[in-house]
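Visitor: Predicted model and sequence follow; I will ask about them next.
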Protein chains: 2
Amino acid sequence: MKKILIIGGGFAGINAAKKLGNCPDLQVTLIDRRNHHLFQPLLYQVAMAGLSPADIAAPIRTLLAKYQNITVYQGSAEKVLPNENKVICDIGTYEYDFLILACGARHTYFGHDEWEEFAPGLKTLNQATEIRRRVLSAFETAESTQDPAERKRALTFVIVGGGPTGVELAGAIGEMSRFTLAKDFRNIDARLTRIILIEFAPRILTAFDEDQSARAARDLEKLGVQIWTNSAVTNIDETGVYVGNEHIEANTVLWGAGVAASKLGNTLNVEQDRQGRVLVEEDLTLKNYPNIFVAGDQAHTKGKDDKPLPGMAPVAMQQGKYIGKKIIADLEDKPCSPFKYLDKGKMATIGRSKAIAHSGKMKLNGFIAWLAWLFIHVLYLTGFKNRLLVVLQWGWSYLTFRRGSRLIVGKKWRFYDQNS
Amino acid sequence: MKKILIIGGGFAGINAAKKLGNCPDLQVTLIDRRNHHLFQPLLYQVAMAGLSPADIAAPIRTLLAKYQNITVYQGSAEKVLPNENKVICDIGTYEYDFLILACGARHTYFGHDEWEEFAPGLKTLNQATEIRRRVLSAFETAESTQDPAERKRALTFVIVGGGPTGVELAGAIGEMSRFTLAKDFRNIDARLTRIILIEFAPRILTAFDEDQSARAARDLEKLGVQIWTNSAVTNIDETGVYVGNEHIEANTVLWGAGVAASKLGNTLNVEQDRQGRVLVEEDLTLKNYPNIFVAGDQAHTKGKDDKPLPGMAPVAMQQGKYIGKKIIADLEDKPCSPFKYLDKGKMATIGRSKAIAHSGKMKLNGFIAWLAWLFIHVLYLTGFKNRLLVVLQWGWSYLTFRRGSRLIVGKKWRFYDQNS
């Protein structure tokens, strides 16, 4: 029986496993350091207290329970031995005939790892609940303090990075302070919250065309977000953020800037790009290793114009399915055409009822784009128990301006877990 | 304007605040170390992955937002100065004309605080998610290990204390292993899980009559729970539990035994019982301090036969409401009769569809008691956004035997937060 080993239960890993789960004569093993698959596009909703962790996560073994040929382990892969067809994990060493690496990406602080403590990123559920804790605690501090300077610091939120995550976080904080929290406090006016979105490039959402990027900026400014473009962060510490000589005092700084691929790729001794992504062939295999596939955020896959495909859920899903198909073809000695990404477009959401979307020649803005965003995200929450519940909860939040999950739990952390 | 200070946002504190929130000429301040009110009777459902934290918790300031005369702070009370009418908190010192102490209870390890690390109790959301993490991780360890002894340890769960919490936890683990997880693993048979419930007394659920206690024991045994009565735990360490000379090797030990009142009562210099509860007068005030009230799990209130009232939600709710009424009467110089507890009965639930209930002369067992339990608990989830959602989620779990929130998040802790 051929052994297939999948490292990572994200969109790529799960989709590959589902394809291979239909072949009873393959022995499939999936290892992930977490017990759950995460619907990452909605992770910012957990950070912003709109959804609970369980709304967007499901146990990997439950998702794959019906495939009797798939075994799931919770464990951490530490080293790939490509010439021995083995992977060393903390829970043991696993052999494979085919290996699928889909370990995703983590945040990078451009050589300033010491910033992480003060500016958490948003890749895991733990990070999301930590961000939630910080944001909600800042309002509590502002309410209880007598010191105007401390109050001002507490009500200042800085988000570094004007990509989709940064825009989602900034919009959600703007909305939370202007609507959800407006009536809950006695000593502060939550609507006076200062939210600063810092972007190195000349505009936010650079993956979109200029007109849509400008539209998103206007929508954010309506929610009270100040957008600082052409701005480089030079330091982050417990007092706040430094942009050149300027010092923004802030209790809460969030990081949505740099992304780097999982470090596991470093153990392969193959070519990687600047972000640590592993360069793959047209069929998503490694050069010289036709039995090792890399997919999702961990892979550098050439798209149109030789630019790498973006780190988005649809890319990972299509790659996972392709790899499953490719392995089956290989085993049957059948040919298989190279991987081709079917681009259905991209979207970014700004607060509770605005978004931008761009698909082919179609551009959508504002409320209609937000409806499209909502529809697609709910549609893709497949395999989750509670698609209906999520919609109900959103509907409720929408009608009442409340946020259901405004819980401060846990303690302040110094170090965060990331995809390694 | 008279100042009312409430310490603690549990059932007693919230109900007192709501009564006083209707008097616009009172200045009410509520301080809690957490930002949320917790529906503690369902906390074990969070620990057992049936519900999400947000399903049973709501921000205190949202619950009280409509009362313009109430200010809520997140902070920790450290010392009461009863002769100066002041309370020292970490966020400042607060004066009062009337003080309501409702700080609840915490676990006690009978002088063995070092056991806490190995056997967490269940009083807070953080503890619930930690218990969830430990229980689910144990099954993951059992699935991935090759060592039969380690696997046996991982599949052994010990619950110390045969009160309602211990019974709920034991029943839920039994059910989870027999139904929810049965099909999810390849290397282990989750149904072979060993669950031991240890009780010092000759029977479990001593607050109930013997026939109901025996019925509950039989129901638990059907779920595979072994009940060890007349058993005293002599030590707990990282290897498991010692009962006399017997050593039960277990990865997961949960604590549902001793309860002690909040330590804040120690700063009052008044009479306390062995569990640290403050002895109160018939009107729930302190002897010699008619402007200081103590309520809920923190108070020792004499009931029938001079026995103290039990630490249950209905007692705390009724006391909170009474104190609100009493303060209003005091301010209007009107008389107010002593506090009288209206006993509506008690219940305990065993797994997914069994319970026992005792109200007046009526005793209910089995499924009908469970329906009564469900009805009452959903009814009392008032003020929460999502009574409907909770019911839907339960209904779904019931139909599918799934558990919606089987997420392992966080890291292993050494020390837990408790109500101080």
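Guide: Everything's here; your move.
Visitor: OK, contacts around the nearest residue in space to A:E95 that is not next to it in sequence?
Guide: Nearest non-adjacent residue to A:E95, counting by CB to CB, 6 or more residues apart in numbering or on different chains: A:K86, 5.4 Å away. (C-beta placed from N, C-alpha, C; glycine too.) A:K86 makes contact with A:V80, A:T93, A:Y94, A:E95, A:Y96, according to CB atoms under 8 Å, 6 or more residues apart in numbering or on different chains.
Visitor: so how far is chain B from A:K86?
Guide: In this view, A:K86 and chain B are 16 Å apart by CB to the nearest CB, to the nearest Å.
Visitor: low-scoring pLDDT stretches of the stretch 101-250 of chain A, where are they?
Guide: Within the stretch 101-250 of chain A, no range satisfies pLDDT under 70.
Visitor: Enumerate the residues of it near chain B.
Guide: Residues of the stretch 101-250 of chain A lying close to chain B (CB under 8 Å from any CB of the partner chain) are A:125-126, A:129, A:136-137, A:140, A:143-146, A:183-187.
Visitor: hmm, back to that, so what's the residue nearest to A:E95 scoring on pLDDT?
Guide: Note on A:K86: pLDDT of 97.
Visitor: again with A:K263
Guide: In this model, A:K263 is scored at 91, pLDDT.
Visitor: Which neighbouring elements make contact with the helix or strand in which A:F293 is found?
Guide: Using DSSP states H and E, the element containing A:F293 is strand A:289-294. Counting contacts by 3 or more CB pairs under 8 Å, 6 or more residues apart in numbering or on different chains; DSSP states H and E, strand A:289-294 packs against strand A:98-101, strand A:285-286, helix A:313-331.
Visitor: quick one: strands adjacent to that strand?
Guide: Strand A:289-294 pairs in its sheet with strand A:98-101 (parallel), strand A:285-286 (antiparallel), by DSSP bridges.
Visitor: B:E168: which of these is closest?
Guide: Among those, the nearest to B:E168 by CB to CB is strand A:98-101 (41.5 Å).
Visitor: which of the residues in the helix or strand that the closest one is followed by are buried?
Guide: Where DSSP H and E defines the elements, the next helix or strand beyond strand A:98-101 is strand A:105-108. Using 16 or more other CB atoms under 10 Å in any protein chain shown as the test for burial, strand A:105-108 gives A:A105, A:R106, A:H107, A:T108.
Visitor: Could you measure from A:S359 over to chain B?
Guide: Distance of A:S359 to chain B, computed by CB to the nearest CB: 33 Å.
Visitor: hang on, isn't that residue packed against A:A369?
Guide: No - using CB atoms under 8 Å, A:S359 is not in contact with A:A369; the gap is 10.2 Å.
Visitor: Return the backbone torsion pair for A:E221.
Guide: For A:E221, the backbone dihedrals (degrees, to the nearest 10) come out as phi -60, psi -30.
Visitor: how about it, what does it touch?
Guide: A:E221 touches A:I227, counting by CB under 8 Å, 6+ apart.
Visitor: Check the one 5 residues further on too.
Guide: Residues touching A:Q226, when contacts are defined by CB under 8 Å, 6+ apart, comprise A:R194, A:I195, A:I196, A:L197.
Visitor: if I pick A:G258, what's in contact with it?
Guide: A:G258 sits next to A:H107, A:T108, A:Y109, A:F110, A:G161 when contact means CB under 8 Å, 6+ apart.
Visitor: that older thread, so which of the contacts of A:Q226 belong to helices?
Guide: Using DSSP state H, no member of these sits in helices.
Visitor: Of those residues, which is the most crowded?
Guide: Counting neighbours by other CB atoms under 10 Å in any protein chain shown, A:L197 comes out on top of the contacts of A:Q226 with 29 neighbours.
Visitor: Excluding covalently adjacent residues, which one is nearest to that residue?
Guide: Distance criterion CB to CB, 6+ apart; nearest residue to A:L197, sequence neighbours excluded, is A:A170 at 4.5 Å.
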